[in-house]
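Enquirer: The following comprises the amino acid sequence and a computationally predicted model.
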Amino acid sequence: MAHNPLSVSLPVSALLPPEDDVTSLLPGPNCVSAHLAERLAAVPDVPGALIVLGLLRRDDSWPTAVNSLAAATSVVARSLRGDDWLGRSGPDEFAVLVSGSAGDAEVAATRLAAWITELGVPGLGACAGIAALEEGTTAAETMRRAALSLHTARSQGAGHVIRYRGTR
């Protein structure tokens, strides 16, 4: 085997995200879908709900600043219980799987949306969509229900939480 004279040795720190970019360490949409499918299989024994928490900004034309995402991620991560699960479902969205009823998830989502708004980041707020985990429902359908509810909550503004109750 020949020696590669162009090989470069990078320190591990060069491969990691910047210290203030903790959000990039969260599991992404594919992991969210896989974990949601696992949780749906356990629904008869362990009831739960999916919260999709979306960030809102007054200046919709720009991506959310890394420091704002990091602050929101820290608030959400610190607020969850040991058996809750956190991932990213989109660029400005968090997926939170919680044990308990959809009503319990509404209380948690309302609290999370308020705490993000209270971070003091100018123009940053949050709202949420919730879908109960139901036996026989796919991960894609559960995510669709939560995303539809989030879309409705976003149209109403920061602090709103909508639980999916329909059949659409």
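Expert: Great, that's in hand.
Enquirer: Can you name every helix or strand that the longest helix along the chain contacts?
Expert: Longest helix in the chain, counting residues (DSSP state H): helix 139-156. Contact partners of helix 139-156 among helices and strands, from 3 or more C-beta pairs under 8 Å, 6 or more residues apart in numbering; DSSP states H and E: helix 29-41, strand 48-57, strand 93-99, strand 124-132, strand 161-163. Bear in mind the C-beta positions are built from the backbone N, C-alpha and C, glycine included.
Enquirer: now the first one: how far from the chain's centre is it?
Expert: Relative to its parent chain, helix 29-41 has a centroid offset of 13 Å by C-alpha atoms, centre = their mean, to the nearest Å.
Enquirer: likewise the fourth one?
Expert: For strand 124-132, the gap between its own C-alpha mean and the chain's C-alpha mean amounts to 9 Å (C-alpha atoms, centre = their mean).
Enquirer: what does the shortest one give?
Expert: Centroid displacement of strand 161-163 relative to its chain, using C-alpha atoms, centre = their mean, is 15 Å.
Enquirer: Residues contacting it, please?
Expert: Under the criterion C-beta atoms under 8 Å, 6 or more residues apart in numbering, residues 102, 105-106, 109-110, 113, 127-132, 149-150, 152-153, 156 lie in contact with strand 161-163.
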